[in-house]
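> build me a model:
(one chain, ligands or ions: 1)
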Amino acid sequence: MKLLDTLKPSIYHLKKANIDEPVIEAAVLVFHVSGVDRLTAYRDNPEIGPVILSEIHRLIGRRAMGEPMQYIIGEADFMDLVIKVGRGVLIPRPETEILAREAIKEARNLKFIARGLKRNSGHVTPPVQQSPGLRILDLCSGSGCIALALAREFPDANILGIDISGTAVKYAETNAAFNKISNVIFLEGSLFGPVTSMPGFDLIVSNPPYIKTSEIDTLQREVREWEPLEALDGGMDGLDFYKKILLGAGRHLRKGGKILLEAGYDQAGEIAVITEKAGFKKITVTKDFSGIDRILKAEWPA
Ligand code: GLN
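Okay, here's the model as predicted:
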């Protein structure tokens, strides 16, 4: 059988299973299994053996059951990282790249300001390079994508990711190794649990579970049936984790340290109120690609 002849039945199978983009997804899986890139496939249309053919059937079957493409392929892109994913770990979302980017921006500012610009007879000497390295905490770190993006950007920073799921922590460690990043540690635990006696972080970031329990049923099948509920469910009002994180964050931040949180589509206002009540100042919000208030930033007052 020729490779391109597997496309039509694959597309048909996915269409019948109500998969949104059957043409694109069938092609991605067929070319993934065969290890032949699209261009070569259309130019040479190579003959394929029974092993490849049955593997194409197997993966198309998995996708038809609603399993997310990233779980089937085993990886997702995040910033310039390849993030290994599979059952038990949340797939990185594009909007979370905004959180990572904003966190990188803040970390850059903190690194510059934090270690003190020395005034020397009217001239400012930037002491940035003497910086002992930022300390960054990522709560609900999941696949590790945010912590790893920060770690790659700041090789002298010490980054700690914490997640309640042992499976997620294993994936995060695999991702650190796969991306050759060594300045990050992942620990299994509940929020601040593993760092109870550790103050002085420069930055805390988190993309916690934030979907209202009552809205879980309305999520896409791929998410609802396949991704870990514990990475999605934020309790009755979706705000459970923000309350706990914001209440504890002050004890773990240094003065002038920052917190950055990803918010659900309608939550930024409510989270801002909680943030203010917790004693944070300079609260700002960044929108995502769809104009939704997505990232909340605040400062622990000096
Ligand atoms: N953004 C994810 C979704 O829409 C939810 C992730 C989260 O709860 N933090 O499925």
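
> count the residues that sit near the residue in the stretch 1-150 of the chain positioned nearest to the ligand.
Distances between the stretch 1-150 of the chain and the ligand by CB to the nearest ligand atom are smallest at R93, namely 4.8 Å. Heads up, the C-betas are built off the backbone N, CA and C, glycines and all. By other CB atoms under 10 Å, 16 other residues sit near R93.

> local confidence estimate at it?
R93 carries a pLDDT score of 98 in this model.

> how about the one 4 residues further on?
E97 is assigned a predicted lDDT (pLDDT) of 98.

> list the residues that contact it.
F78, M79, A149 (CB atoms under 8 Å, 6 or more residues apart in numbering).

> from those, which is closest to G256?
Distance to G256 across the contacts of E97 (CB to CB) is lowest for A149, with 22.6 Å.

> identify the residue nearest the closest one in space, chain neighbours excluded?
Spatial nearest neighbour of A149, excluding adjacent residues (CB to CB, 6 or more residues apart in numbering): A100 at 4.2 Å.

> how near is that neighbour to S206?
12 Å (CB to CB, to the nearest Å).

> so those two - more neighbours on which side?
A direct count of neighbours by other CB under 10 Å for A100 and S206 places A100 higher, at 27 against 23.

> just to be sure, the more buried one is in a helix?
Yes - per DSSP: H, G, I helix; E, B strand; the rest coil, A100 lies within a helix segment.

> that one against S141, yeah?
No - if you go by CB atoms under 8 Å, A100 and S141 don't touch, sitting 11.9 Å apart.

> gap between the two ends of stretch 79-88?
Using CA to CA, to the nearest Å, the end-to-end distance of stretch 79-88 comes to 21 Å.

> likewise stretch 227-240?
The first-to-last residue distance of stretch 227-240 comes to 19 Å (CA to CA).

> how about stretch 85-101?
Where stretch 85-101 starts and where it finishes are 21 Å apart, if you go by CA to CA.

> which parts of it are buried?
Neighbour-count burial for stretch 85-101 flags 85-86, 88-93, 95-100 (criterion: 16 or more other CB atoms under 10 Å).

> list of residues touching stretch 273-280?
So stretch 273-280 is contacted by 239, 242-243, 246-247, 249-250, 259, 283, 296, 298-301 (CB under 8 Å, 6+ apart).

> which one (most neighbours) among these?
Busiest of the contacts of stretch 273-280 [other CB under 10 Å] is I259, holding 28 neighbours.

> wait, what's in contact with that one?
Counting by CB under 8 Å, 6+ apart, the residues that I259 touches are 203-206, 245-246, 249, 253, 275, 280, 297-300.

> now those as TSV including secondary structure?
Listed next are these as TSV, based on three-state DSSP:
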residue	secondary structure
L203	strand
I204	strand
V205	strand
S206	strand
I245	helix
L246	helix
A249	helix
L253	strand
T275	helix
F280	coil
K297	strand
A298	strand
E299	strand
W300	coil
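
> how about the helices in the stretch 51-200 of the chain?
69-73, 94-114, 145-153, 166-178 (DSSP state H, counting those that start in this stretch).

> what's the mean pLDDT across the shortest one?
Model confidence over helix 69-73, given as mean pLDDT, is 98.

> would JSON lines of the contacts of E97 with distance to the ligand, neighbour count and pLDDT be doable?
Listed next are the contacts of E97 as JSON lines, based on distance: CB to the nearest ligand atom, whole Å; neighbours: other CB atoms under 10 Å; pLDDT from 0 to 100:
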{"residue": "F78", "distance to the ligand": "13", "neighbour count": "24", "pLDDT": "98"}
{"residue": "M79", "distance to the ligand": "16", "neighbour count": "18", "pLDDT": "97"}
{"residue": "A149", "distance to the ligand": "16", "neighbour count": "28", "pLDDT": "98"}
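
> wait, which of these is closest to K105?
A149 (12.0 Å).

> quick check: the closest one touching L81?
Yes - here A149 reaches L81: they are 6.4 Å apart, a contact under CB under 8 Å.

> what residues does the stretch 51-200 of the chain put near the ligand?
Proximity of the stretch 51-200 of the chain to the ligand (CB under 6 Å from any ligand atom) is limited to residues R93.

> this completes my enquiry, with thanks.
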